[in-house]
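K.L.:
using only what follows, build the 3D model:
(one chain, ligands or ions: 2)
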Amino acid sequence: MPDETTTSPPTSAFDGHHAPSMEIIDTCVHCGFCLPVCPTYVLWNEEMDSPRGRIYLIKMASEGTATINPQWVGHFDACLGCMACMTACPSGVDYGKLIEATRAQIERNHERSAAEKLYRRFVFSTFTRPDRLRLLRLPLLAYQKSGLQTLLRSTGVLKLLPKKLQTMEALLPKLPASESIAPVTPAQGSQRRRVGLLLGCVQREFMPQINLATVRVLAAEGCEVVAPPEQPCCGALLVHAGEEQAAVALARRTIEVFERADVDAILTNAAGCGSNVKEYGHLLRDDPEYAGRAKKFAAKCQDVTELLAELEPRVRRNPLRMRVAYHDACHLQHAQGVRVQPRSLLAGIPGVELAEIPESPVCCGSAGIYNLVQPDAANALGDRKAQLIVPLNADIVATGNPGCLLQLQSALARSGRKTPVVHTIQVLDASLRGESIRSLLG
Ligand code: SF4
Ligand code: SF4
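P.N.:
Ligands and ions are numbered 1, 2, ... in the order given. Okay, the predicted model is just below:
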């Protein structure tokens with residue numbers, strides 16, 4: 001007869017595929033140093049929407065004392081994945097690995113509502129596909145050039161749209177003419193490096209001026225730039241949203257493309273893409289064919305500012321007399337540890353006065369697709385950041401991520417300011433070419 005008083009131990013709510021690591025969970029000593037930099041804790045002051053609270057929720061699910069239910073999932077959907085908690089943590093808790101594994105578990109083991117599934121499918125099947133974004137350009141250009149956008153914005157009728165569509169519309173950049181990047185751009189003068197360039201998806205189609213500026217600066221500084229036109233999305237949005245299998249497939253294709261390019265370094269100018277490709281070794285760790293190749297690939301990845309800071313400047317910097325507020329993108333400062341290089345490149349331009357934005361560790365609310373799926377929290381964080389930028393009286397804001405650029409532009413517009421927001425590389429490009437930054441803004 002079985003002993004009726006004996007109860008079987010609770011089983012984990014996670015499946016066996018890459019469950020969040022207990023070893024990482026147990027590194028957390030619950031000190032709370034991460035709380036003041038966590039954007040959702042800053043907004044709501046709720047323990048379960050802090051890094052410490054989320055780690056505890058993961059522990060409970062691992063031990064079978066919590067289930068993956070909508071309330072539990074809500075705390076992880078609200079996390080921006082900004083990694084500010086990792087920079088702040090004195091115990092070295094690798095929250096990035098925990099949230100990535102947790103999100104993949106959620107997508108496998110939690111049934112989202114039909115509307116949520118449909119919206120997520122739309123976002124992923126559009127924003128990870130440059131070919132589809134290219135098709136969208138024409139109707140969006142017509143919307144902007146016909147004056148319809150100005151009319152709808154001025155009448156306030158857009159407020160009748162669902163919040164997510166309102167946010168998408170507000171984030172839409174002013175579309176410039178479509179420009180493609182040459183597959184190979186030769187170095188000017190003697191060649192110092194042969195570099196590959198990841199073009200990004202939204203950036204490639206909607207903000208080509210950033211890639212053009214990047215190529216010009218690199219070529220001027222003696223780099224041959226290889227930008228394979230067949231490169232796919234790197235999968236950053238998918239990894240950060242728990243869509244592991246789709247992300248793995250894109251990572252394999254990206255590796256193949258850049259292996260053929262045979263370059264010394266692989267450069268990114270979008271912080272989210274950069275942090276993703278640097279982690280390919282982890283993403284493909286189980287893949288016997290790709291694990292080693294992924295590690296080799298990741299070891300070559302750098303943000304464009306990292307490489308430029310390594311190279312002794314060869315081209316004269318022309319003065320740009322302006323006050324520049326530099327915004328740290330989370331996936332650059334926290335995920336890649338790149339804070340000094342963009343600042344030193346900007347400070348190396350004669351006439352540039354750098355202004356520091358207070359609360360720089362706290363996210364602006366962009367965070368990949370966060371502003372598209374959590375518009376209320378994203379707008380609150382954007383507004384908070386705009387309020388910190390406005391008193392600086394900067395002529396422009398510079399940042400290293402297209403998502404932050406759009407988020408800040410939209411938040412500053414809501415605050416009534418038209419301060420231009422540009423990519424760091426555009427400022428450097430304007431200086432090298434002896435142009436005013438305003439001329440680049442159209
Ligand atoms: S990743 Fe960002 S939002 Fe998520 S817990 Fe860490 S600090 Fe908070
Ligand atoms: S700072 Fe690190 S150790 Fe302290 S509570 Fe946050 S995650 Fe845990």
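
K.L.:
is there a neighbour count for the closest residue to Ala213 other than its chain neighbours? I'd like the number.
P.N.:
On the basis of CB to CB, 6 or more residues apart in numbering, the spatially nearest residue to Ala213 that is not a chain neighbour turns out to be Asp429, at 3.8 Å. To be clear about C-beta, it is placed using only N, CA and C from the backbone, and glycine gets the same treatment. Other residues lying near Asp429 total 23 when counted by other CB atoms under 10 Å.

K.L.:
the one helix or strand Asp429 maps to - contacts with which helices or strands?
P.N.:
Here Asp429, judged by DSSP states H and E, is contained in helix 424-433. Here helix 424-433 touches helix 208-220, helix 304-310, helix 340-347, strand 396-399, helix 437-441, going by 3 or more CB pairs under 8 Å, 6 or more residues apart in numbering; DSSP states H and E.

K.L.:
need phi/psi at Val225.
P.N.:
As for Val225, its main-chain torsions (degrees, to the nearest 10) stand at phi -110, psi 120.

K.L.:
I figured it hits Ala219, correct?
P.N.:
Yes - with contacts counted by CB atoms under 8 Å, Val225 reaches Ala219, the gap being 5.9 Å.

K.L.:
who has more neighbours, those two?
P.N.:
Set side by side, Val225 and Ala219 give different neighbour counts by other CB under 10 Å, the larger being at Val225 (25 against 19).

K.L.:
tell me the contacts of Asp383?
P.N.:
By CB atoms under 8 Å, 6 or more residues apart in numbering, the contact set of Asp383 is 411, 414-415.

K.L.:
swap in Lys59?
P.N.:
By CB under 8 Å, 6+ apart, the residues touching Lys59 are 22, 25.

K.L.:
where are the low-confidence patches of the chain?
P.N.:
Confidence mapping of the chain against pLDDT under 70 gives the ranges 1-9, 439-442.

K.L.:
in it, which residue is most central in space?
P.N.:
Ranked by distance to the mean C-alpha position of the chain (CA atoms, centre = their mean), the top residue is Gly272 at 2.9 Å.

K.L.:
state the helix or strand in which that residue lies.
P.N.:
helix 271-277.

K.L.:
try Arg52
P.N.:
Following DSSP H and E, the helix or strand that holds Arg52 is helix 51-62.

K.L.:
and that helix, what's buried?
P.N.:
Within helix 51-62, the residues scored as buried using 16 or more other CB atoms under 10 Å are 51-59, 61-62.

K.L.:
next, format the residues you listed as a markdown table and append distance to ligand 2.
P.N.:
Converted to a markdown table, these look like this (distance: CB to the nearest ligand atom, whole Å):
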| residue | distance to ligand 2 |
| --- | --- |
| Pro51 | 5 |
| Arg52 | 4 |
| Gly53 | 9 |
| Arg54 | 9 |
| Ile55 | 6 |
| Tyr56 | 9 |
| Leu57 | 13 |
| Ile58 | 11 |
| Lys59 | 11 |
| Ala61 | 17 |
| Ser62 | 16 |
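
K.L.:
ok, those vs Asp264, which is closest?
P.N.:
Pro51 (37.0 Å; CB to CB).

K.L.:
thinking His331 is in contact with Val277, fair?
P.N.:
No - look at His331 against Val277 with CB under 8 Å: they stay out of range, at 11.1 Å.

K.L.:
now Met322: closest residue in space that isn't a chain neighbour?
P.N.:
For Met322, the closest residue by CB to CB, 6+ apart turns out to be Asp395, at 4.0 Å.
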